[in-house]
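[1] sequence unavailable; structure follows:
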């Protein structure tokens, strides 16, 4: 009987760890599900090489996906054309830098507008740090600053959050970022994501 109780406790702890180990991953999956079925309230902005906004569209029901019509073949999934559904309407985009932010995110570009100069002389064990950072990305996210630049390196946006995690998307040359439960989609931009402690 005692052995069965121990096994039950170990089993429950294991299930709890598995469930909790993917909190950010689960939130990201939920965001993708929500985006597919009801859309997210988002702002779409495209930028020229000098980081000037070329157009801006706001919508209460926005969905982002790769337009597979332009795939080379059925297996390639290589189309760089984005199909964005805004309510009952749609737009297609390819080429220039684009940022799509969920309502609730704030571009804090002015706070971090200066070039970042980091000097960190603390010793550490890179392999262990890498494992911890990967786990943090999936589990709880980290306190990070995202500096985004146009394709020629001109700064255009900055975001920060206490729980930041990065995810791949099905659109080539794009990244999905979860920032404190809000979704940010970056397409054809240069970017650097720092632990906030490095830039404070």
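    That came through fine. Every value quoted in this text rests on a predicted model; they were computed, and no experiment measured them. Numbers count the residues shown, from 1 in each chain.

[2] next helix or strand past the lowest-mean-pLDDT helix or strand in the chain?
    For the chain, counting by mean pLDDT, DSSP states H and E, helix 126-139 ranks last in confidence among helices and strands (a mean of 45). The first helix or strand that comes after helix 126-139 along the chain, using DSSP states H and E, is strand 142-149.

[3] pull up the pairing partners for that following strand, direction included.
    Strand 142-149 has its sheet partners listed here by DSSP bridges as strand 155-167 (antiparallel), strand 190-195 (antiparallel).

[4] tabulate these (TSV), appending mean neighbour count and mean pLDDT.
    All C-beta atoms are positioned from the backbone trio N, CA, C, and that covers glycine. Listed next are the strands paired with strand 142-149 as TSV, based on neighbours: other CB atoms under 10 Å; pLDDT from 0 to 100:
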stretch	mean neighbour count	mean pLDDT
strand 155-167	20	91
strand 190-195	16	90
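
[5] who wins for proximity to residue 42 among the ones you listed?
    Evaluated over the strands paired with strand 142-149, closeness to residue 42 peaks at strand 155-167, with 13.8 Å, by CB to CB.

[6] do I have it right that residue 183 meets residue 35?
    Yes: counting by CB atoms under 8 Å, residue 35 is a contact partner of residue 183 at 7.4 Å.

[7] who has more neighbours out of the two?
    Applying other CB atoms under 10 Å to residue 183 and residue 35 shows that residue 183 carries more neighbours, namely 24 against 20.

[8] who does the helix or strand where the more buried one lies pair up with?
    Taking DSSP H and E as the definition, one finds residue 183 inside strand 182-187. Sheet pairing for strand 182-187, assigned by DSSP bridges, gives strand 97-102 (antiparallel), strand 174-179 (antiparallel).

[9] any chance you could list what contacts the last one?
    Read it as strand 174-179. Taking CB atoms under 8 Å, 6 or more residues apart in numbering as the criterion, the residues outside strand 174-179 that touch it are 24, 27-28, 31, 82, 105, 141, 146, 159-161, 163-169, 183-188, 191, 193.

[10] quick check: bridge partners of the residue nearest the centre of the chain?
    To find the centre residue of the chain, average its C-alpha atoms and take the closest one (CA atoms, centre = their mean): that gives residue 177, at 0.9 Å. In this entry, residue 177 is beta-bridged to residue 166, residue 184, by DSSP bridges.

[11] my guess is residue 99 meets residue 186, correct?
    Yes: shown here, residue 99 and residue 186 form a contact pair, counting by CB under 8 Å, at 5.8 Å.

[12] what touches both of these two?
    residue 148.

[13] and residue 58, how far from residue 164?
    With distances defined as CB to CB, to the nearest Å, the gap from residue 58 to residue 164 amounts to 23 Å.

[14] could you do residue 193 as well?
    With CB to CB as the criterion, residue 193 and residue 164 are 7 Å apart.

[15] quick check: neighbours shared by the two?
    Once CB under 8 Å, 6+ apart is applied, the residues that residue 193 and residue 164 both contact turn out to be 144, 146, 177.
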